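*Asks:* coordinates only, sequence not included:
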Ligand SMILES: *Cc1c(COP(=O)(O)O)cnc(C)c1O
């Protein structure tokens, strides 16, 4: 079986873990080391490790202090947590469609749908690619709208020489086991706008001023705002620290795999049998998070069946949120590209431990399918 994903296991973690005396709480040595590493990397004023990217998005939502009728702009073709975090605070969700070439939001669509009520724009760099983040960031600043980048697919990936995650007021990372860098479950909030730092510390610490207590600035800690238990635990951040340290090695392996898929399958794109994303790698670095292509829905069904029969864990992706059972009752959005792409998309296995022989086998089975 070639599964869709095998999470990376850093060797050093196993050795280190035996020596650790106390790794069961929050805010220990490895949480600090990882947060410092990320702050430096992102040139950010503050990074908070969280139990998940979902948690980091929920902190963002609480930071916005949303009032009735406040609107959030977000893509329809994305992970449920992106919408849930803001729906939990009763925001009005404005789902926009993605464009076909890269499955990202377009600047013009964002500009045209923003109103005086728009509180935040959530950009998800799908498959690690960014369409027009520079323009979007300028637009958000000019109109006093908070920009949030969900960088779950785009860790350590540059756009025009600048890291994705540094454009937004707030950015989130995911360290879920399916992501390039992981610790089973985990995430991070990157704070670029310093007006959010103090409040984010409080929200992530169960709504208390415990961060001041830790610094011995207050004698007891109090409930001072809404909040929850959003912090990562120390076992996970220990694992994470060693994964982050291996990042270059992981990225190199993933890039080789990505390029080999691309080189081997692009003739099918030329023959219009599959549709590969159309990226501009001169501007946007390859995050290597995902290798996907589109095929007609009927073809997708039989191709997935074919690959799964040969024990290849190829899979689909997001079901559009605008027509989800939970949301469609509340409002009507019909995001056409999101809906069609969702029926056409296939993701192939890509992970550090995927062997060249296994990858060749995957490619061979895809070509065999189209030769039939
Ligand atoms: C994986 C993912 C999330 C959620 O990450 P968790 O860490 O599992 O909460 C959010 N947004 C996007 C775009 C994702 O891919």
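*Replies:* Good, I have the coordinates. Given the structure is predicted, the values throughout are model-derived calculations rather than measurements.
*Asks:* Contact residues of the stretch 51-200 of the chain facing the ligand?
*Replies:* Counting by C-beta under 6 Å from any ligand atom, the stretch 51-200 of the chain comes close to the ligand at 52-54, 78-79, 81-82, 124, 150, 152-153, 174, 176, 187. C-betas here are computed from N, CA, C, even on glycine.
*Asks:* quick one: residue 72 is in a strand?
*Replies:* Yes. Assigned with DSSP: H, G, I helix; E, B strand; the rest coil, residue 72 falls within a strand.
*Asks:* now the residues of the stretch 51-200 of the chain next to the ligand: which count as buried?
*Replies:* Buried subset of those (neighbour count, 16 or more other C-beta atoms under 10 Å): 52-54, 78-79, 81-82, 124, 150, 152-153, 174, 176, 187.
*Asks:* Make JSON lines out of those and add secondary structure and pLDDT.
*Replies:* Shown next, in JSON lines, are these (DSSP: H, G, I helix; E, B strand; the rest coil; pLDDT from 0 to 100):
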{"residue": "52", "secondary structure": "coil", "pLDDT": "98"}
{"residue": "53", "secondary structure": "helix", "pLDDT": "98"}
{"residue": "54", "secondary structure": "helix", "pLDDT": "98"}
{"residue": "78", "secondary structure": "coil", "pLDDT": "97"}
{"residue": "79", "secondary structure": "coil", "pLDDT": "97"}
{"residue": "81", "secondary structure": "helix", "pLDDT": "98"}
{"residue": "82", "secondary structure": "helix", "pLDDT": "98"}
{"residue": "124", "secondary structure": "strand", "pLDDT": "98"}
{"residue": "150", "secondary structure": "strand", "pLDDT": "98"}
{"residue": "152", "secondary structure": "coil", "pLDDT": "98"}
{"residue": "153", "secondary structure": "coil", "pLDDT": "98"}
{"residue": "174", "secondary structure": "strand", "pLDDT": "98"}
{"residue": "176", "secondary structure": "coil", "pLDDT": "98"}
{"residue": "187", "secondary structure": "strand", "pLDDT": "98"}
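*Asks:* shaky segments in the protein?
*Replies:* 21-22 (pLDDT under 70).
*Asks:* where exactly do the strands run in it?
*Replies:* Taking DSSP state E to define them, one finds strands in the chain at 46-50, 71-75, 92-96, 118-124, 146-150, 158-159, 162-163, 170-174, 187-191, 292-294, 345-347.
*Asks:* Can you give me every residue that contacts the residue nearest to residue 26 when sequence neighbours are not counted?
*Replies:* Distances taken as C-beta to C-beta, 6 or more residues apart in numbering put residue 231 closest to residue 26, at 4.2 Å, once the chain neighbours are dropped. Applying C-beta atoms under 8 Å, 6 or more residues apart in numbering, we find residue 231 in contact with 26, 27, 31, 48, 49, 50, 51, 204, 205.
*Asks:* can you do 10 Å?
*Replies:* Neighbour list for residue 231: 25-27, 31, 48-51, 55, 204-206, 210, 237 [criterion: C-beta atoms under 10 Å, 6 or more residues apart in numbering].
*Asks:* quick one on the thing from earlier: so which of the residues of the stretch 51-200 of the chain next to the ligand comes closest to residue 216?
*Replies:* Taking C-beta to C-beta as the measure, residue 216 sits nearest to residue 187 out of these, at 28.5 Å.
*Asks:* And the residue nearest to residue 296 when sequence neighbours are not counted, how close does it get to residue 100?
*Replies:* Setting aside the residues directly before and after it, residue 296 is nearest to residue 344 in space (C-beta to C-beta, 6+ apart), at 6.5 Å. Distance, residue 344 to residue 100, using C-beta to C-beta, to the nearest Å: 10 Å.
*Asks:* what's the answer for residue 325, then?
*Replies:* According to C-beta to C-beta, residue 325 stands 25 Å off from residue 100.
*Asks:* do the same with residue 118
*Replies:* According to C-beta to C-beta, residue 118 and residue 100 sit 25 Å apart.
*Asks:* These two: which has the busier surroundings?
*Replies:* residue 118 (20 against 15; other C-beta atoms under 10 Å).
*Asks:* and the more buried one, what is it in contact with?
*Replies:* Residues counted as contacts of residue 118 (C-beta under 10 Å, 6+ apart) are 70, 71, 72, 73, 92, 94, 110, 140, 143, 144, 145, 146.
*Asks:* May I have the beta-bridge partners of the nearest residue to it once chain neighbours are set aside?
*Replies:* Nearest residue to residue 118, sequence neighbours excluded (C-beta to C-beta, 6+ apart): residue 71, at 4.9 Å. For residue 71, the beta-bridge partners under DSSP bridges are residue 92, residue 118.
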